[in-house]
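Engineer: A predicted structure for the sequence below; I have some questions about it.
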Amino acid sequence: MYHAIVRRNLRKSFAEVNRGNYPAIVRQFTPTAEHWFSGAHALAGGRHDTRRIQEWYDRLAELLPDLRFELTKVAAKGWPWDTVAFVEWVDHLTDREGNHYSNQGVHVLRIKWGRITELHIYCDTALLADVLGTLAAQGVSQASAPPVGEPGPFRGAVAPAR
């Protein structure tokens, strides 16, 4: 039953992202949560507090205002005090000239008592970097900005729940 609730809450969270309701997402993080996105681009790097996480979502909203996720798999394992969840997805978006793009990836989350303590995002970062390059050429300055937070490796890894 618990894992079904976690999966349902994750689906609701992605529905909030699809609506652009990023404050609802940020509220789910613990104050010292780790938020990490793979690659070397304007959305990459790591953040370790909710202020920086909010800055990242603000940038995401500016860069990809029509970003929409289609979930393909949602899984959760572990206890309420140490849950690991995986969300496999396909996303859809358009650039400023109306060209359509799609990527696929996975979110790996660690959840403790209903709050996100770690979120790691993996996707085709070469494709994303190309999209951001196109956006930069279309005049979107944040598309070529340095990452919000720490570029480079993250401080930890999501380990399987025990």
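Structural biologist: Arrived safely, thanks for sending. Numbering: from 1, shown residues only.
Engineer: okay, and for this protein, where does confidence drop off?
Structural biologist: Residues of the chain meeting the criterion pLDDT under 70: 151-162.
Engineer: For the most centrally placed residue in the chain, give me its contacts.
Structural biologist: Most central in the chain under CA atoms, centre = their mean is Ile121, positioned 5.3 Å from the mean C-alpha point. For Ile121, the contacting residues are Trp36, Phe37, Ser38, Gly105, Val106, His107, Val108, by CB atoms under 8 Å, 6 or more residues apart in numbering. For glycine as for every other residue, the C-beta is placed from the backbone atoms N, C-alpha and C.
Engineer: Give me the buried positions along stretch 3-19.
Structural biologist: Val6, Arg7, Leu10, Ser13, Phe14, Val17 (16 or more other CB atoms under 10 Å).
Engineer: measure the last one to Tyr2 for me?
Structural biologist: What that stands for is Val17. Taking CB to CB, to the nearest Å as the measure, Val17 falls 23 Å from Tyr2.
Engineer: Which strands or helices does the top helix by length along the chain pack on?
Structural biologist: In the chain, with assignment by DSSP state H, the single longest helix is helix 2-18. Secondary-structure packing of helix 2-18 (3 or more CB pairs under 8 Å, 6 or more residues apart in numbering; DSSP states H and E): helix 22-26, strand 68-79, strand 82-94.
Engineer: Tell me the helices and strands packed up against the helix or strand just after the first one.
Structural biologist: Heading C-terminal from helix 22-26, the first helix or strand you meet, by DSSP states H and E, is strand 29-37. Other elements packing on strand 29-37 under the criterion 3+ CB pairs under 8 Å, 6+ apart are strand 45-47, helix 50-63, strand 115-123.
Engineer: who's in contact with the next helix or strand after the last one?
Structural biologist: For strand 115-123, the following helix or strand on the C-terminal side (DSSP H and E) is helix 125-137. Contact with helix 125-137 is made by 38-44, 63, 93, 95-96, 99, 101, 103, 143-144, as judged by CB under 8 Å, 6+ apart.
Engineer: Name the member of these with the most neighbours.
Structural biologist: Neighbour counts for these (other CB atoms under 10 Å) peak at Ala42, which has 27 neighbours.
Engineer: I'm done for today, thanks for sticking with me.
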